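**Student:** what follows is a predicted structure for the sequence shown.
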Amino acid sequence: TGHNGWHTACDCLGQSSIFIADVNKAWSLIEKETEQASSERMANLIGLQSRYLLITASLNNLANIPVKLLLQLVAKGVWTPEQGLAYGHQIPNNSKRSQCLLSVANFFSGNQKHSILIKALDAAQQIEKAETRARALTDVGQNLPRALPEALNTIKQIRDRHRRTDALIKLVPHLPEALLS
């Protein structure tokens with residue numbers, strides 16, 4: 001049908017990360033072979049590199065799906081929570097990735113939910129703009145108490161008094177008494 005069977009199988013299982021890892025491995029094997037390849041073999045290797053580049057570009061394009069759409073696909077049962085999570089991990093923008101992972105985590109429980117929240121925290125910590133980082137850390141901190149001290153420290157760095165106050169108002173109800181003194 002013109003589709004990649006391995007991608008379809010991995011995607012249906014919510015394991016797109018397996019497919020992505022395989023594409024990356026194939027790419028690195030081709031790169032190693034290119035270093036020592038004869039000129040006759042080089043044309044074939046360039047073709048394979050082009051193929052893996054197009055696959056990677058297609059996957060990256062899918063990762064730019066709006067977060068609200070991704071969440072609706074999961075909520076309505078069009079995608080499994082695992083598929084939503086796999087696509088959420090691929091979102092290149094740290095703020096959107098953190099927001100998506102935080103929302104998708106609600107479809108999971110226990111250690112799996114905690115692990116997803118840790119990934120949301122990691123993405124939030126990588127946001128460059130302090131105000132956006134503070135907002136993301138506050139959102140994560142409401143679900144993951146260990147993020148609260150960092151969220152509070154980031155909020156303190158916000159220069160705009162109104163934005164700082166808004167962020168603190170959102171965070172204070174979740175802070176333990178020890179941090180408020």
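**Tutor:** It's in. Residues are numbered from 1 along each chain as shown.
**Student:** just how off-centre is stretch 88-105 within its chain?
**Tutor:** 4 Å (C-alpha atoms, centre = their mean, to the nearest Å).
**Student:** swap that for stretch 44-58, please
**Tutor:** For stretch 44-58, the distance to the chain centre is 23 Å (C-alpha atoms, centre = their mean).
**Student:** please apply the same query to stretch 58-67.
**Tutor:** 11 Å.
**Student:** got it, and stretch 122-133?
**Tutor:** With C-alpha atoms, centre = their mean, you get 13 Å for stretch 122-133.
**Student:** helix, strand, or coil at residue 159?
**Tutor:** At residue 159 the chain is in coil, as set by DSSP: H, G, I helix; E, B strand; the rest coil.
**Student:** OK, contacts around the spatially most central residue of the chain?
**Tutor:** Nearest residue to the geometric centre of the chain (C-alpha atoms, centre = their mean): residue 89, 2.9 Å. Applying C-beta atoms under 8 Å, 6 or more residues apart in numbering to residue 89 gives the contacts 17, 97, 101, 119. Yep, even glycine has a C-beta here, placed from its N, CA and C like the rest.
**Student:** what's the helix or strand for it?
**Tutor:** For residue 89, the host element (DSSP states H and E) is helix 81-90.
**Student:** one more: residue 52?
**Tutor:** helix 39-62.
**Student:** list the buried residues for that helix?
**Tutor:** Within helix 39-62, the residues that qualify as buried are 52, 55, 59, counting by 16 or more other C-beta atoms under 10 Å.
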